[in-house]
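**Student:** Have a look at this prediction, sequence included:
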Amino acid sequence: VPAAVLGSALLRRPAALGAAAARCAPARDSHGPPRQGHGGSKAASLHWTAERAVSVLLLGLLPAAYLCPGPAVDYSLAAALTLHGHWGLGQVITDYVHGDVPIKVANTGLYILSALTFAGLCHFNYQDVGICKAVAMLWGL
């Protein structure tokens, strides 16, 4: 069986799961009000693709940090780790925070936390040894 045919067969959703998914309430984006209709499906698809791209980027940055540490890898790690954490915590907010005001407060706090995290990692990269060397020093203990 060709891999292309087998791959597309594995990606299809069984009919029972499709019916169950149709009965569920529509999912909400973590940084906005519930969407009506299908207007945001392309944006959601692009967001999902970006999340996966950052995850794959992190998989490549981890060996790069070990094999060739330097400022480019340090700052790339700072950006990718911050973005990965921001999106992950955004999903926690989506799942566990309810009500308009609490969601706005939680999202504001998330943006502040993400900005401070990125600024702190950049400051650490610029003023200290950097992420790569710091992890290497921790492994050397």
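**Tutor:** That came through fine. Numbers count the residues shown, from 1 in each chain.

**Student:** any idea which element residue 60 lies in?
**Tutor:** Under the criterion of DSSP states H and E, residue 60 resides in helix 41-67.

**Student:** ugh, wrong one, I meant residue 73
**Tutor:** Residue 73 is part of helix 71-96, with elements assigned from DSSP H and E.

**Student:** just checking, what packs against that helix?
**Tutor:** helix 41-67, helix 100-127, helix 131-140 (3 or more CB pairs under 8 Å, 6 or more residues apart in numbering; DSSP states H and E). Yep, even glycine has a C-beta here, placed from its N, CA and C like the rest.

**Student:** tilt between it and helix 100-127?
**Tutor:** 170 degrees (axes from the mean of the first three to the mean of the last three CA atoms, to 10 degrees).

**Student:** Direction-wise, compare helix 71-96 with helix 131-140 and give the angle.
**Tutor:** Counting by the same axes, to 10 degrees, helix 71-96 points 80 degrees away from the direction of helix 131-140.

**Student:** Would you pull up how far helix 71-96 lies from the middle of the chain?
**Tutor:** The chain centroid and the centroid of helix 71-96 are separated by 6 Å under CA atoms, centre = their mean, to the nearest Å.

**Student:** try stretch 84-97
**Tutor:** Relative to its parent chain, stretch 84-97 has a centroid offset of 9 Å by CA atoms, centre = their mean.

**Student:** same thing with stretch 102-113?
**Tutor:** Once both centres are worked out by CA atoms, centre = their mean, stretch 102-113 turns out to sit 16 Å from its chain's centre.

**Student:** To residue 75, which of the helices and strands packed on helix 71-96 lies closest?
**Tutor:** Closest to residue 75 of these, according to CB to CB: helix 100-127, at 5.9 Å.

**Student:** Could you report the pLDDT at the spatially most central residue of the chain?
**Tutor:** The structure's the chain has its C-alpha centroid closest to residue 84; by CA atoms, centre = their mean the separation is 3.5 Å. pLDDT for residue 84: 93.
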